[in-house]
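Colleague: Give me a 3D structure for the following:
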Amino acid sequence: MYGCQQHLIKASPEINAILEFICSEANKLTNCSIYYCRQILFKAGKFVSKYELDEKLKSNPHFRAMRSACAQQTLHRVVESFKSYRALNKLYKSGQLTSKPKLPKYRKKGGLNVVSYPARWVRLVKRMLKFTLGKQVKAWFGIDSFEL
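Modeller: Next comes the predicted model:
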């Protein structure tokens, strides 16, 4: 089991813009992955594995805008929600569940999503946490990391 801590932060407007960009890209990536998983389920009748989803969406612009480990965490959350749907659907078909489960829903357009940074991609530099960004963000904006 992994531990997670939430902290309320006060950051400069530049850092807030970076955080909003990353979270909005995570939201868009979540919607893309939900769309892909739903289409595979409707057309082929099978559920997508996390490795297959990683491979298929690796070239997605929203995936490339994020650090790869963070983008993979976002995709894995979607796969987990579909696994949960599959388990609930199995219970429903066996009669152990009274209400029919629903497929995972899309997130609101323009919304923000949680971004998980694995511990190995966060560095402690001069009493500040340094978060690295993806190569695409560095090419677009000239920023390779930010500190909180």
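
Colleague: Give me the secondary structure label for residue 129.
Modeller: Applying DSSP: H, G, I helix; E, B strand; the rest coil to residue 129 yields a three-state assignment of strand.

Colleague: surely residue 133 meets residue 67?
Modeller: Yes - look at residue 133 against residue 67 with CB atoms under 8 Å: they come within range, at 6.1 Å. Any C-beta I mention is one placed from the backbone N, CA and C, and that applies to glycine too.

Colleague: list the contacts for residue 30?
Modeller: Residues counted as contacts of residue 30 (CB atoms under 8 Å, 6 or more residues apart in numbering) are 74, 77, 78, 107, 113.

Colleague: Of those, which is the most crowded?
Modeller: Looking at these with neighbours defined as other CB atoms under 10 Å, the largest count falls to residue 74 at 25 neighbours.

Colleague: Which of the helices or strands spans that one?
Modeller: Taking DSSP states H and E as the definition, one finds residue 74 inside helix 68-94.

Colleague: No more questions from me, cheers.
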